[in-house]
Structure formats: C-alpha cells, structure tokens
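In: here is the input, now give the coordinates:
(2 chains)
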Amino acid sequence: MILQEMANSASQWSRADGPEAEIVFSCRVRLARNLEGFTFPPWAHDSVLKDVSDKVLNAVKRSHYLKNSRLIKMSELSSTERRFLLERHLISPEFSSGGPHRFLITEKREMISLMVNEEDHLRLQSILSGLQLMDAWRLTDKIDDELEQNLDYAFLPQWGYLTSCPTNTGTGMRASCMLHLPALAVTHKIDELMKNISKLGLVARGLYGEGTKSQGDFFQISNQVTLGSREEEVVDHVESVTRQVVGQEKKARDILLRRDGIQLRDQMGRAYGTLVSAYLLRSEEAISLLSKLRLGVSLNLFPQLNVQVLNELFFMITPAQLQVKEGKEMAPLDRDELRAKVIRQRLGELK
Amino acid sequence: MIGKKKTIIVPKKKMICQVCGEREATFHFQEMTNGQVKELHLCEICAQKKGLGQTFFMPSFSLSDLMAGLTELEVPLSEEASVTCSHCGLSYGDIKRKGKIGCGLCYQELEEYLTPLLERIQGKVRHSGKVPKKGKVEDQKERRIYELRKELEILVRKEEYERAAKLRDEIRRLEREK
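Out: Numbers count the residues shown, from 1 in each chain, chains lettered A, B, ... in the order given. Modelled structure (predicted):
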C-alpha cells in the first residue's frame, strides 16, 4: 500500500530544480554508523539485530527530521517490491535481498532515508537534485547529530566511526554525484575522463558498477577513501571535480552542435519519433532513447518538453516501478507494452 | 566456511552471456562453492531471470563487495585464526574471509591485524573528520577540536583573519594536549 502510493510520483530529487541539474541528475551523501557494544550486522544473530533495530527505531521516533517518515519492514516485502526500493535508490543491492529485522525509514519526499541493519547498523543518506553536495552533507550531518542524541555510536579517535567494512572506516561517508554525460560519451571522451578521475583519488563508474558499461550515459563520481580527510574537504573535492566534468560536458555539447548539428538533430528526432509511436519498448532501449531525448531537451531542441519530464520517465519505466504501480507481477512482454504506453501517453500530453 | 559466495569481478575483455550465448554479458561474478571457483558471465536479461540482474537506477556495486573479493582469496594463517575478539568471538581469519569486521571491539583487540589492512585501503592516516557529540571523555576533546575547525573555516571564509588566528592557536594547543 505504502509502496503503491510512492509509485504514483517520482522522488523529489528527480525534479531537476538543483544547480546544473541538466547534467548532474542528483547528488548523494551517505553515512555509515554502528552502535557500540553490538556485533555488526553481517555477523550478528537475529536477537542482536532485533535489539539494534529497537534502539534505532526509538531514536528515529524522536528525530525531528524522520518522525513522520514511512517505516518499511523489509521482511514483509515481495522481491519485486524490494527491487522497487532499489530502483528508487532508497536501498542497496545488499539490502534488497531482504532479511529479518531490517527496516527502511524514508521521509515522504525521499530526500532522506535510513537503512537499519544493512551492512552497518545505520546507513543514513540524503539525495538532492543537481550539484549541491555540500547541502546534502550538511543535512545528513544534522540528522546524524540528532540520531546520536539517543544512540551510542562505535567510535575511536584514531579510526573514527567504526564500520563493518574497512573501506568505510573513518568518516563512514560516501559522497557521490550522478551525471548524465551523453556528449562526452558520443565523442568517446569518457574513458579518458574516468582515468583522470581515478588519478584524483575518486571513483567513476557506470550505473551498473565498476568495469561495466553505463546505461543511458549515466555515470557516478564518488570519493574512494574515508579516512584522513574531513568530510567538508572530501565533499568539496568531489564537488569541484564534478564541476569540471560538467564544464567538459558542456563544451562537448557545444562542439557537437556546431560540428554535427544536423546528425545530432536527426538522432534526437528519431529517438523522439520512436518513443511517441512505439507499442513495445524494452527497458534498455527505452533508457537509451530517453537519454538521447534528454540531451535534445537540454539543447532546447524540444521546447515543449523539460528535463524534469524526462527524469520522471526514467523513474516510471523501470520494471519494478511498473509492476508496483499496477499492483501485480507482469511478464516481460506485458511490461514492455506498458512501458511504451506510459512513455507514449506522457509525451503525447506535451505535444 | 562452507557454502556459496558470489563475488563481483571485472573481466578483462568483452564476454558473451553464458546462458543465451547471444547478448553481451554485463554481469560478471565469481562463485565460490566449497573452495571451488567458478566464473559466471551473464547478460542483463538472463541475470534478471536468475534473480541477479539489476535495472536502471540501481546504485553501483559497493567497494566493500570488491573488498570482500580481494580478501577472500587469501588463505588465513593459523596464527590469524587463534586470536579472537572477546566480544564477537571472531578471529582475523574469519574477518578476512568475509571482508567484514565483527564489531567495534575488533578494532582494538585485533588491532595488530586490522591496522595493516586499513592502511592498505585507506593509507597511513588518522581520522580527522566528525566526532560524536556525546562520546567518551577522551573523545570530547576531539569533538571540541572538530567543532573549532569548523568555526575556523567559517572565519577564514569571512576573511576575519585576526579571530581565525586566535582560533588556530587554540586548536593547536588542544591538539598538543592529546
């Protein structure tokens, strides 16, 4: 029921109202925290997980930011429903496998969410539209302070916040930006860019993880290490590198328009043509066409459309999203039909 | 440790899906079954059928997955298996196999083993970020320094250098006392 309600709208951060939102789809800060005196979730017995979730949920009730949030018990969800939350970036792949005493707390706009008993006892995250990573950090920082009033975190001065995985020890913070880079992808500048980014101590990856091809020309940039630097320094660094990438993408778009204007227009027109007239669309195809159209919209080639509409469509057409909204499990072919219909209708309204 | 464990791997070249034999494989796993290593390369569609696939908007694999992959392949030495944490009962051998630390106390009781691991991943550095507000007495000084550093940053941004200099001296004094 809660999920169906969520499925009726896209998350707030897809609204494209943040700075540079045409290129920076979203930015995210997440913190890993554990409670002192309790075994970390990967090794903990059910009874420990239960004690931890009781304590955390109690702290959540007292949190000004989280008290009116949705509380979702992972063990009560079907696999499609868990996948739905994954597609909305509210839970991790690990969390989507379900398990006892695991909870997701998400505030109505889905900007703030908290996983309880993921790999760490708490995984708190904020996602905002566009490039406002420092704001995302400040928000997460405040909620973290608030939760801490009622929780004792595992911490040592030398190692910082103690986490289940040594890759998170210290700040427990991962700061990332999700970027739409179609022009850099088309001009084959992406590989070089990725290499340079890793030289700067950051990680760049496609949406499907390291070493895999990104779909829809979406890429993520995030910090690699969590020990030794202050949170603000890390956020600053990720933000400034992202800003440089944004600059390069803009430049690539300009060049593309000037050099291959007509080919570009043709490709985007074709993408639009397919999207408004297809009756069956596979997920992959839809994403690749929407990505082309999104670039066209950013370049003002489709004045009747805006980036927000495109962002929402990316949200609406994922397999689990379609099924949760329909309230039933669907075969792939039925999903392809519904996906095409959703896109056709939405773009049709805006002719 | 007996049982199956899937690890994400990064292939060196393009692979074709092992199930359908048609599409390009985009999901690459290494499956460990009782010490036997088997590689799996699947396309998105076949991976989905197996319940492994991911769809658009999925956060990418975490570093920790890769970490687990790295440490898993090393064989624990007998010494690493004999020292255990008094809270969770785990040895460094256990931790290495799973790539996950057992509890907060492991960081102190298994420090000898965890320090090189942490240094390999994070570099030879000390935490300099946020400190819990209400931690133990010894952490409170750290919190104070953390807060003063934040204030310092604001003063510098406002170009109030005189006050910033005073604050910097105060921070240095507190740091010396540690």
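
In: from chain A, how far out is residue B:118?
Out: Distance, residue B:118 to chain A, by Cβ to the nearest Cβ, to the nearest Å: 5 Å. The way it works is simple: take the backbone N, C-alpha and C, and place the C-beta from them, glycine included.

In: okay, now that residue: neighbour count?
Out: 22 (other Cβ atoms under 10 Å in any protein chain shown).

In: most centrally placed residue in chain A?
Out: Relative to the mean C-alpha position of chain A, the nearest C-alpha, by Cα atoms, centre = their mean, is the one of residue A:89, at 4.3 Å.

In: ok, it touching residue A:25?
Out: No: counting by Cβ atoms under 8 Å, residue A:89 sits too far from residue A:25 to count as a contact (10.4 Å).

In: quick one: the residue nearest to the centre of chain A is in a strand?
Out: No: in this structure, residue A:89 is coil, not part of a strand, as judged by DSSP: H, G, I helix; E, B strand; the rest coil.

In: so how far is chain B from it?
Out: 6 Å.

In: with residue A:292 instead?
Out: Residue A:292 is 15 Å from chain B, by Cβ to the nearest Cβ.

In: where does pLDDT dip in chain B?
Out: Low-confidence segments of chain B, defined by pLDDT under 70, span residues B:1-13, B:29-38, B:44-46, B:48-80, B:135-139, B:178.

In: where exactly do the helices run in it?
Out: Using DSSP state H, the helices found in chain B span residues B:44-49, B:63-72, B:78-82, B:92-98, B:106-109, B:111-122, B:137-157, B:161-177.

In: what residues are up against the nearest residue to residue B:171 once chain neighbours are set aside?
Out: Using Cβ to Cβ, 6 or more residues apart in numbering or on different chains and skipping the chain neighbours, the partner closest in space to residue B:171 is residue B:148 (5.0 Å). Contacts were defined as Cβ atoms under 8 Å, 6 or more residues apart in numbering or on different chains; by that measure residue B:148 touches B:167, B:170, B:171, B:174.

In: so the helix or strand that contains residue A:247 versus helix B:137-157, what angle?
Out: With elements taken from DSSP states H and E, the one containing residue A:247 is helix A:231-277. If you take axes from the mean of the first three to the mean of the last three Cα atoms, to 10 degrees, helix A:231-277 sits at 70 degrees to helix B:137-157.

In: and helix A:231-277, what's its mean pLDDT?
Out: Helix A:231-277 comes out with an average pLDDT of 93.

In: wait, does it make contact with chain B?
Out: Yes: using Cβ under 8 Å from any Cβ of the partner chain as the criterion, contacts between helix A:231-277 and chain B involve A:231, A:232.

In: so how far is that helix from its chain's centroid?
Out: Averaged C-alpha coordinates place helix A:231-277 at 19 Å from its chain's average position (Cα atoms, centre = their mean, to the nearest Å).

In: check which element follows that helix along the chain.
Out: Taking DSSP H and E as the definition, the helix or strand right after helix A:231-277 is helix A:283-298.

In: could you chop chain A up by domain?
Out: Residue ranges for each domain of chain A read A:2-253, A:261-348, as given by automatic domain parsing.

In: most tightly packed of those domains?
Out: Ranked by mean neighbour count, these are led by domain A:2-253 with a mean of 20 (mean count of other Cβ atoms under 10 Å in any protein chain shown).

In: run the chain-centre distance for it.
Out: Using Cα atoms, centre = their mean, we find the averaged C-alpha position of domain A:2-253 to lie 7 Å away from the chain's own average C-alpha position.

In: helices and strands of chain A: which one bottoms out on pLDDT?
Out: Per-element confidence for chain A was summarised using mean pLDDT, DSSP states H and E. The lowest value among helices and strands belongs to strand A:202-206, with a mean of 83.

In: surely residue A:119 is in a strand?
Out: No: residue state for residue A:119 (three-state DSSP) corresponds to coil; a strand is not indicated.

In: surely it is in contact with residue A:34?
Out: No: if you go by Cβ under 8 Å, residue A:119 and residue A:34 don't touch, sitting 9.7 Å apart.

In: check contacts around residue A:202.
Out: For residue A:202, the contacting residues are A:221, A:222, A:223, A:224, A:237, A:238, A:241, taking Cβ under 8 Å, 6+ apart as the criterion.

In: just confirm residue A:168 is within a strand.
Out: No: secondary structure of residue A:168 (three-state DSSP): coil, not part of a strand.

In: enumerate every residue touching it.
Out: Taking Cβ under 8 Å, 6+ apart as the test, what residue A:168 contacts is A:32, A:120, A:174, A:226, B:64.

In: break down the stretch 51-200 of chain A into its helices, ranges please.
Out: Using DSSP state H, counting those that start in this stretch, the helices found in the stretch 51-200 of chain A span residues A:79-87, A:133-148, A:182-186, A:190-199.

In: can you add distance to residue A:63 and give the helices of chain B back as CSV?
Out: Shown next, in CSV, are these (distance: least, Cβ to Cβ, whole Å):
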stretch, distance to residue A:63
helix B:44-49, 37
helix B:63-72, 26
helix B:78-82, 41
helix B:92-98, 32
helix B:106-109, 27
helix B:111-122, 30
helix B:137-157, 20
helix B:161-177, 31
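
In: give me phi/psi at the residue nearest to the centre of chain A?
Out: Residue A:89 has phi and psi values of phi 60, psi 20 when expressed as degrees, to the nearest 10.

In: need the pLDDT of it.
Out: At residue A:89, the pLDDT recorded in the model is 88.

In: residue A:161: which of the helices of the stretch 51-200 of chain A is closest?
Out: Checking the helices of the stretch 51-200 of chain A against residue A:161 by Cβ to Cβ gives helix A:133-148 as the closest, at 9.7 Å.
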